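Participant: please find the sequence and the predicted model below.
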Amino acid sequence: MNNKNPIIIALNFDEKKEALNIIEKLLPYTSRFKVGFPLYIRYGNTIVEEAVKMGAKIFLDLKLHDIPSVVASAVEILNRLDIEFLTIHAQGGKKMLQEAQKKAETHIKLLGVTVLTSIGEAEFFNLYGKKIEDAVFSLASISYEAGLYGIVCSGLEVKKIKTFFPTLKAIVPGIRLNDVKTEDQLRKTSPCRAIKNGADFIVVGRDITHHKSPIDRIKQYKDILEKCN
């Protein structure tokens with residue numbers, strides 16, 4: 001495993017107090033935390049700034065998707081924040097990705113979101129008439145050409161992506177241990193499978209944050225990852 005600690009914790013909370021509390025508990029075990037729509041819409045930059053003051057590295061998951069100039073402007077504004085990762089939808093097209101990358105400069109690491117892990121093969125084919133793997137590969141290709149730091153994809157597609165684009169970082173959500181059932185992620189994988197397939201980072205949310213003992217659970221994940229080689 002190239003990354004000694006690939007775990008990113010998704011802060012799946014509506015209340016800032018709960019999010020900051022889980023950051024405090026888990027910071028000794030990982031430094032990266034993902035802030036998504038609910039927290040950011042409610043608290044704006046405040047949640048990011050307070051988390052950073054605690055020592056957290058922030059993955060701001062806003063999945064920006066609009067015309068190139070609008071996304072570029074948004075990235076330029078967000079560039080003032082002390083965040084590590086920011087997501088934009090690769091489906092916005094190569095020009096949108098390129099314009100966003102220009103504004104990100106070297107401060108923010110942009111991640112191109114390919115196909116959401118909540119979408120299954122049948123639904124995707126009905127919508128677009130193609131296989132998910134083919135679409136993800138195409139979106140990863142334009143993300144690479146646009147100079148993005150990485151992509152977000154499921155653990156099922158990451159192996160092919162890393163074969164063709166080894167320098168493109170792969171962030172994989174939909175991570176679950178084998179004993180966990182979930183309804184919100186269809187294309188899910190285990191931590192080891194994702195890492196063995198080439199994931200650079202894995203995103204874990206409720207399975208750790210809402211566990212009866214989040215500290216014990218993240219320790220379990222780390223133990224499993226150390227034995228993945």
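Facilitator: Happy to help now that I have it.

Participant: okay, the helix or strand where residue 125 lies in CSV with CA atoms only?
Facilitator: If you go by DSSP states H and E, residue 125 is part of helix 121-128. Backbone C-alpha positions of helix 121-128 (Å, rounded to 0.1, in the frame of the first residue of the first chain) are rendered in CSV as follows:
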residue,chain,number,x,y,z
GLU,A,121,-25.4,-0.6,-14.2
ALA,A,122,-29.1,-1.0,-15.3
GLU,A,123,-30.1,2.5,-14.4
PHE,A,124,-27.0,4.0,-16.0
PHE,A,125,-27.5,2.1,-19.3
ASN,A,126,-31.1,3.2,-19.4
LEU,A,127,-30.0,6.8,-19.0
TYR,A,128,-26.9,6.9,-21.3
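
Participant: which strands or helices does it pack on?
Facilitator: The contact analysis (3 or more CB pairs under 8 Å, 6 or more residues apart in numbering; DSSP states H and E) places helix 121-128 against helix 132-145. (C-beta placed from N, C-alpha, C; glycine too.)

Participant: tell me what the helix it packs on is packed against?
Facilitator: When contacts are defined as 3+ CB pairs under 8 Å, 6+ apart, helix 132-145 sits against helix 94-104, strand 109-113, helix 121-128, strand 150-152, helix 158-164.

Participant: out of the ones you listed, which gets the lowest mean score?
Facilitator: Lowest mean pLDDT of the helices and strands packed on helix 132-145: helix 121-128, a mean of 87.

Participant: what's the angle from the strand ranked longest in the chain to helix 94-104?
Facilitator: The longest strand of the chain (DSSP state E) is strand 57-64. On the basis of axes from the mean of the first three to the mean of the last three CA atoms, to 10 degrees, strand 57-64 is oriented at 150 degrees to helix 94-104.

Participant: in the chain, where is pLDDT below threshold?
Facilitator: 1-3, 178-187, 229 (pLDDT under 70).

Participant: same thing but at 90, please
Facilitator: 1-5, 105-107, 115-122, 124-130, 156, 174, 176-190, 227-229 (pLDDT under 90).

Participant: need the winner for burial among the helices and strands packed on helix 132-145.
Facilitator: Most buried of those by mean neighbour count (mean count of other CB atoms under 10 Å) is strand 150-152; its value is a mean of 27.

Participant: from the chain's centroid, how far away is that one?
Facilitator: 7 Å (CA atoms, centre = their mean, to the nearest Å).

Participant: ok, it: who's next to it in the sheet?
Facilitator: If you go by DSSP bridges, strand 150-152 pairs up with strand 109-113 (parallel), strand 169-172 (parallel).

Participant: nearest to residue 11, out of these?
Facilitator: strand 169-172 (15.4 Å; CB to CB).

Participant: output the strands paired with strand 150-152 as TSV; include the columns distance to residue 101.
Facilitator: TSV is the format used below for these (distance: least, CB to CB, whole Å):
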stretch	distance to residue 101
strand 109-113	6
strand 169-172	14
